[in-house]
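J.: How does the following fold in three dimensions:
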Amino acid sequence: MVVSGGDAYYLTPDQLVLIGERLVALPNIQRFRFASKGLAVAPGRVLDEADAWVDALVAVSDKARRAGKAVAWHTHFNHPAEISWVTERASQRLFERGVMVRNQTVLLRGVNDDVETMGTLIRKLADNNIFPVSFFVSLSLFLVRRCCLASTRGCIMLTPSSTMSISAIWSKASSICARRCRRYSTSRQDFVARSPAS
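T.: Modelled structure (predicted):
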């Protein structure tokens, strides 16, 4: 289940709690996520003590965890340059408060469609406890060449070498994430065990 509406950052804290609590109460919903690019474009909001949005997300996440359900913030970074020192501090705050943050990336021609850039992005995300879970490729990528010629502006042609590059990117992501996820799992268990609320 995805809560988006364009971007969950636009929800008021009360709306976030209302939606989250209703989803937690539904027996057929085991996992849901709030989709927001907010961590990439306005990470300072996470650090703002006067802004109750993160407190609302933490409250929903904690309630879901107690009910045996998983909640995550799905954010959207496409390039390592989007991760600033403010993002790093905000990510650490979310991690300390027990919020799972995942990332989805769009594969963009000329921006992040090479192994080095995507590898750097994945490493920076993982170092900040943001789990790279997927990257999107335009559906037009999978069309035959003659169908793509009409709109080549946003189209990346899948040649054997680009297919190998995508495979290499995903392989690199998988190995980095496997190492980081083991570290997160262990540190999260330690964190929960030490937490007075648990």
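
J.: Just confirm I130 contacts N103, I think it does.
T.: Yes - look at I130 against N103 with CB atoms under 8 Å: they come within range, at 5.1 Å. C-beta: built from backbone N, CA, C; applies to glycine.

J.: pLDDT (mean, whole number) over stretch 9-16?
T.: Average pLDDT, stretch 9-16: 94.

J.: Next up, the contacts around the residue lying closest to A70 once chain neighbours are set aside.
T.: Spatial nearest neighbour of A70, excluding adjacent residues (CB to CB, 6 or more residues apart in numbering): R31 at 4.4 Å. Each residue near R31 by CB atoms under 8 Å, 6 or more residues apart in numbering is listed here: M1, K69, A70, V71, A72.

J.: For the first one, grab the count of nearby residues.
T.: By that I understand M1. M1: 11 surrounding residues under other CB atoms under 10 Å.

J.: What helices and strands are in contact with whichever strand or helix holds V101?
T.: Per DSSP states H and E, V101 falls inside strand 100-106. Here strand 100-106 touches strand 70-75, helix 85-96, helix 115-127, strand 130-136, going by 3 or more CB pairs under 8 Å, 6 or more residues apart in numbering; DSSP states H and E.

J.: Could you say which of these is packed most deeply?
T.: strand 70-75 (a mean of 22; mean count of other CB atoms under 10 Å).

J.: Contacts made by it with the rest, please.
T.: Here strand 70-75 has contacts from 2, 8, 20, 30-40, 57, 60-61, 64-65, 94, 99-104, 130, 133, using CB under 8 Å, 6+ apart.

J.: From those residues, list the buried ones, please.
T.: 8, 20, 32-40, 57, 60-61, 64-65, 94, 99-104, 130 (16 or more other CB atoms under 10 Å).

J.: contacting residues for R33?
T.: R33 sits in contact with M1, V2, V3, V71, A72, W73, H74, R102, where contact means CB under 8 Å, 6+ apart.

J.: Give the residues shared as contacts by I130 and N103.
T.: Common neighbours of I130 and N103 (CB under 8 Å, 6+ apart) are T75, F77.

J.: Ramachandran angles for the residue nearest to A70?
T.: R31 adopts backbone torsions of phi -140, psi 140, taken as degrees, to the nearest 10.
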